[in-house]
Structures are given as C-alpha cells and as structure tokens.
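Dropping the sequence and predicted coords here.
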Amino acid sequence: MKNNIHNNYSNLRYLFKYLICPIAHQIKIFFFRSRRVVLLKIPLKQSPLAGQGAEFYSFTALLFWHYLSCAVKTFIFNPKILILNGIIQVMPIHNTPPTKVQTLEIDADNDGQRIDNFLMSKLKGLPKSRIYKILRSGEVRVNKGRIKPSHRLVSGDLVRIPPVRLVENKHPDIPDRFFEELNETILFENDDLIIINKPSGLAVHAGSNIAFGVIDILRADRFENKFIELVHRLDRQTSGCLVLAKSRIALTQLNALFNSNHDINKQYLTLTKGNWPESEHRIDTPLSKNEIKGGERMVTVNPQGKTAISIFRPVEQFNNCSLVEVTLLTGRTHQIRVHAASENHPVAGDEKYGDKAFNKSMKSKGLNRMFLHARHLAFNLNGPIQVTAPLEGTLKNIIETLRNNEESI
C-alpha cells in the first residue's frame, strides 16, 4: 500500500514536471508576449469575420494550435511520458544503484596517465562534471592523499574511487556486416597495435548524427573487455591506413611518434584539379582551425596558425586533373585538403574546400566520394613496421576512366 502511494505520487510529480508545467509556461509566454503581436497581424477590419468577433476567434484559434503544438513537443521530446491506449502514462525513473568503493592498483598500462583520464576510462557513463567534482572534493584519493585532476599516476599507486551512480552504457545497434567488413580490412596486427584500411564513409568514432565508428565497432566486437584506442584520426570520407593502440604503453609511444612527425613516414594519394607545374612542390603555410566562414567551421591558411608542411609529387597528370602523392611532415586537421585548395588544386570530391564545377565533372566520370587515401605508413615500434593500403574499387575505376578517356600528359 505504501509503495503504491509512493509510485502514484512519483507519477503525478513527473506528470506535472514534464507535461503540465512546460505547457503552462508556454501559455504564459503566449499570453504576455504573443497576444499583442497576433492581434496586430490580424486587424479586425481586414478579417473575413469582421463585425463577428473576428479578433476573439483568431486569437482563440491560435491559442488552441499553440497549446496543441506544446503538448506534441512535450510528448515527442520527453521519453518519460508515453500515451498507451489513450491514457497518459509516466514512465517511472529507476536510478541505478551506486557502485561500491573501489581501490585499484595502477599497472604498467596506466603508468603516466592523468588521474582524470583514468577515471573517465573506468567510470564510463559518468559525466565529466561529476568526475571533476569528486576529484575537487577529495573523494578520489591516490595513496590515501588528495590529488589534482592533472596528477599523473605511477605504477603501484593505489587509487580510491568513491561510490557513484553510472548511466547504463549500451553499445549502439551495429549491423553484423560491419564486424565482418572491418575485420577484413586489417593490414597489420601485433601485441601493441592494429592497422586497418579504413573504408570511406565510415567515421573513426561516434559523434553528432553518427551512431558509431571504427572504435565503437571494435569495442563491441573483438575488444569488448580489452584496451583499444585511436592513435590518430582520418576524415570520414578519407580511406586508408588507420592505427589503433592495444595497450596504454603502446598508445603513449605511438602518440609520441605521430606528434614528432620525424620518425614516421605518412604518404597519401589524391586526385587534384589542374596540373602541377613541377615534379615536387613543398607547401609550408600555417593553418588555423575552427574559423567560421558562412556559418561553417573551417581550417584556413593563417600566418598566426600552426606550422603545416606538405610535399606534393605528381604521379600522373591528365588534361584537367592530376594524381598526386602527398607526404605529410606535420599532421594538422584537413592539412592536405586546405594546402591543395590554397594552390588552386583542390581535391576531387571535396565538398568543403573543393571546386563545385570540378567535383561535378569528376562525379560524371563515376567519382562518388572524396579522392583522398592514406596509402602508406612506416615507423619503428619495437621493430620496423611498414604497411600499404590498397585503393578502393571506386578510386581504381576513376583512374582507369581517366586513362582511357583522356591522354596522360
């Protein structure tokens, strides 16, 4: 009996909170802000119901539709309320029970990792704000002492993690075909890392309007209870070599390699507009990230930006485009695409920095994606590693089409 009363009270509370209160608030706004505007927009003398209370009818109709739209929005966007068989039913909220106090010993894989990043990996589903709150309050202890979020862990440290309530973190619904297709793209694998030939159109991780990516597929399949992290990123439309680390130590070493850009060889293959004037062209122009142009975030050439160096070598030149090999000496976001566009040789199929007429021309020849492929990767990690990713069928076909229909220069 007591439980029934409590459940009924909870249902009423959520009903008022998520349905009645929002609608009441919208009606209040409508009355005090919109009424004057509505009446000005529908003057009595211009209404077909002039002399018949048109002002009242127009206001009442708009009020009704406004109320109805508020109700619909509330039901659609609030998952706690359902309509079943014409009856409003409020879904009860069940808080997950708090975890128990944990004391974890740091091993070699987590040596040197920041405590905040360590907690994020262990407390998946807990908001970042909550993680930093338990750090600032001293609920998290390392060797029985308080620490700052920037504190770096050492092998053998004992970390106390307080009880927290975690949101159930379910894997997204990933079609089975992605597991098979991704496993077929593996180019190299050992105890430290895995290198795949990432398909074009597949993001490296989930994001806005992207349910899942490479890392999510691997975590849901082969690495469900194992360490796996992205070492670097490729654009969604870019295909080719993508490296993932299988241990914390390997991730740290690979990050150092990719950040140095001296002990690693990264080569891309791209198709660009026009013909390059020389056999090798070095572009050394700084790039600035997240500048807004036309409401869209872009990477731009900016003298105040970060150093970016690319070397373009034409492999084969056609009448109006060139197949080019690009070596990166730095690894900035959209580096090849922006550098190529800055020299008036935009990448074929690039909708963000490219040439619309050129893209349309290439699409008529069968190119339905951006022609940018991370072809070759070479570095040393506990021994030399060298991989070459074969081109996708679409890119092979466009090259053959250009060779057959146009004379190479």
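Happy to help now that I have it.

residues touching the nearest residue to His205 once chain neighbours are set aside, list them.
Once flanking residues are discounted, His205 sits nearest to Gly213: 4.1 Å by C-beta to C-beta, 6 or more residues apart in numbering. All C-beta atoms are positioned from the backbone trio N, CA, C, and that covers glycine. By C-beta atoms under 8 Å, 6 or more residues apart in numbering, Gly213 lies in contact with Leu202, Ala203, Val204, His205, Ala206, Gly207.

what's the pLDDT at the fourth one?
Read that as His205. His205 carries a pLDDT value of 88.

was I right about it contacting Val214?
Yes - counting by C-beta atoms under 8 Å, His205 does reach Val214; the two are 7.0 Å apart.

who touches both of these two?
Residues touching both His205 and Val214 (C-beta under 8 Å, 6+ apart) are Leu230.

Who has more neighbours out of the two?
Higher neighbour count among His205 and Val214: Val214, with 24 against 13, using other C-beta atoms under 10 Å.

Identify the residues contacting the residue lying closest to that one once chain neighbours are set aside.
Among residues not flanking Val214 along the chain, Val204 sits closest, at 5.0 Å (C-beta to C-beta, 6+ apart). Residues counted as contacts of Val204 (C-beta under 8 Å, 6+ apart) are Lys198, Gly213, Val214, Ile215, Leu230, Arg233, Leu234, Arg236, Leu242.

Let's see that with 7 Å instead.
Gly213, Val214, Ile215, Leu230, Arg233, Leu234, Leu242 (C-beta atoms under 7 Å, 6 or more residues apart in numbering).

now Ile195
Neighbour list for Ile195: Leu187, Phe188, Cys241, Leu242, Val243, Leu377, Val387 [criterion: C-beta under 7 Å, 6+ apart].

One more pass at 10 Å, please.
185-189, 231, 241-244, 377, 385, 387, 389 (C-beta atoms under 10 Å, 6 or more residues apart in numbering).

Can you tell me which of the residues you listed is nearest His151?
His151 lies nearest to Val231 out of the contacts of Ile195, by C-beta to C-beta, at 24.2 Å.

who's in contact with the closest one?
193-195, 242-245, 250-251, 253-255, 257-258.

so how far is Leu230 from Gly213?
9 Å (C-beta to C-beta, to the nearest Å).

any common contacting residues for these two?
Here Gly213 and Leu230 have Val204, His205 as joint contacts, going by C-beta under 10 Å, 6+ apart.

pLDDT weak spots in the stretch 101-250 of the chain?
167-172, 225 (pLDDT under 70).

All the strands of it, in order from the start?
Taking DSSP state E, counting those that start in this stretch as the criterion, the stretch 101-250 of the chain carries its strands at 102-105, 141-142, 158-161, 186-189, 193-198, 229-230, 239-245.

shaky segments in the stretch 251-400 of the chain?
For the stretch 251-400 of the chain, the stretches flagged by pLDDT under 70 are 291-296.

Just the ones in helices from the contacts of Val204, please.
Val214, Ile215 (DSSP state H).

Sounds good, over and out.
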